[in-house]
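K.L.:
Mind folding the following:
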Amino acid sequence: MTLTNAHISLFIPNLDGGGAERITLNLAEGFAQRGLRVDLVLARAEGAYLNKVPSNVRLINLRARSPVFLFKTLALKRYLHQEQPDFILSGLDIVSAATWAKRLAGSSTQVIICVHTNLTQQFRDKPQFILGQLRAFLVRQFYPWADKILAVSQGVAESVAAIANLSVDEVGVIYNPVVTADFYDKSRRPVEHPWFQANQPPVILGVGRLVKQKDFATLIRAFAQVRRQRPVRLVILGDVDEREPTVKPQLEALIQELNVENDVLLPGFVDNPYAYMAKASLFVLSSIYEGLPTVLIEALAAGTSVVSTNCESGPVEILENGKYGKLVPIEDANALAEAINHALDHPLSSDLLQARADIFTMDKVIDQYLQVFEDLNHKRVA
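P.N.:
Numbering: from 1, shown residues only. Predicted coordinates for the structure are as follows:
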């Protein structure tokens with residue numbers, strides 16, 4: 001096998017409208033553009049991004065029934081036995097289904113586990129303590145079975161290494177391929193909503209699923225403080241997560257309580273958030289934890305000033321300790337409001353922000369993945 005004819009599979013539960021799913025699609029497209037044979041393997045072929053699978057990528061639907069872990073593992077075993085891809089990149093795979101499937105299939109496929117979020121924080125965030133402990137146990141026991149573990153930031157690498165009892169040097173770090181070839185074309189497209197037209201008050205933008213992790217409640221509270229001082233509006237793009245259906249009504253109740261319902265918009269999922277980013281006055285990330293927040297990088301690439309919580313993990317690396325946008329403590333509405341006011345008064349140069357986003361371009365990241373494939377291939381041959 002040489003990389004010129006390598007068969008690459010990317011395995012993910014579904015294509016719900018989240019950052020990890022978007023990154024997986026970007027990787028699939030990037031590998032296919034380099035002439036590799038690419039399969040996108042889904043436990044279930046569903047989600048908001050299902051219509052975005054590139055035409056040169058083969059979609060494999062495992063049609064996993066419940067319990068999903070069991071049936072997706074067995075279906076993936078059959079896939080690996082039949083197709084024998086050279087590498088499989090497994091994302092959002094806490095239970096390590098890919099390593100189990102490889103062993104059950106007796107396959108020579110090399111498994112690369114891609115960790116997209118800070119696992120320590122994610123497990124701590126689970127409402128049932130025992131569930132978080134069980135997931136940590138699974139990571140500790142079965143992630144070391146992988147041929148390679150990759151993290152999307154140094155903070156994520158440190159987290160997964162600690163949980164899996166590995167040296168941090170054993171976990172590779174490759175930033176996400178966020179800035180694609182069509183990003184700038186999409187960012188220049190119009191936004192029809194009247195708030196984004198000329199001679200309107202500044203718009204603050206948040207983007208992400210409506211889940212506890214994103215802590216849009218703190219953003220709304222901070223916005224209410226800013227709104228008392230100046231004309232400004234808030235738009236939060238993102239869909240309801242079926243696992244946390246109460247978050248949206250809670251946010252709507254908070255908006256009513258703070259009397260800012262005329263200046264806050266929750267339009268749900270939009271197909272092209274980049275156009276909104278480019279036309280917003282400020283992008284704000286309010287998360288309690290992340291891995292490498294895609295939306296923060298996209299806002300930089302759009303040339304829009306940003307403010308972010310200094311959450312684990314990713315923002316401090318993306319913004320270089322505050323050089324490219326102010327960092328504030330998590331769950332601190334007062335600090336966030338102060339940072340928003342400062343950023344609105346002192347926006348950073350679009351050229352400076354876009355130059356920072358250059359390290360997250362597709363070509364640079366795909367080159368790093370290809371080097372990982374080369375290294376693993378040499379190790380197997382040796």
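K.L.:
Next, please give the residue ranges for the strands of this structure.
P.N.:
7-12, 37-42, 58-61, 87-91, 110-115, 148-151, 171-173, 203-207, 233-237, 264-268, 282-285, 306-309, 326-328 (DSSP state E).
K.L.:
got the angle between the fifth one and strand 7-12?
P.N.:
For strand 110-115 against strand 7-12, the angle between stretch directions is 40 degrees (axes from the mean of the first three to the mean of the last three Cα atoms, to 10 degrees).
K.L.:
Which elements pack onto strand 110-115?
P.N.:
Judged by 3 or more Cβ pairs under 8 Å, 6 or more residues apart in numbering; DSSP states H and E, strand 110-115 is in contact with strand 87-91, helix 97-105, strand 148-151, helix 154-164, helix 362-381. In short, each C-beta sits where N, CA and C put it, glycine included.
K.L.:
any chance of those in CSV, plus distance to Arg124 and mean neighbour count?
P.N.:
Listed next are those as CSV, based on distance: least, Cβ to Cβ, whole Å; neighbours: other Cβ atoms under 10 Å:
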stretch, distance to Arg124, mean neighbour count
strand 87-91, 21, 25
helix 97-105, 23, 21
strand 148-151, 18, 22
helix 154-164, 11, 22
helix 362-381, 29, 15
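K.L.:
Using TSV, lay out these together with distance to Arg37 and mean pLDDT.
P.N.:
As requested, those are exported to TSV (distance: least, Cβ to Cβ, whole Å; pLDDT from 0 to 100):
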stretch	distance to Arg37	mean pLDDT
strand 87-91	11	97
helix 97-105	18	96
strand 148-151	20	97
helix 154-164	29	95
helix 362-381	13	92
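K.L.:
could I get those as TSV with distance to Lys77?
P.N.:
Compiled in TSV, the helices and strands packed on strand 110-115 are given as follows (distance: least, Cβ to Cβ, whole Å):
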stretch	distance to Lys77
strand 87-91	12
helix 97-105	4
strand 148-151	20
helix 154-164	23
helix 362-381	21
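K.L.:
Val57: which of these is closest?
P.N.:
Ranking the helices and strands packed on strand 110-115 by their distance to Val57 (criterion: Cβ to Cβ) puts strand 87-91 first, at 12.8 Å.
K.L.:
Now do the closest one: which elements does it pack against?
P.N.:
Strand 87-91 packs on strand 7-12, helix 19-33, helix 97-105, strand 110-115, going by 3+ Cβ pairs under 8 Å, 6+ apart.
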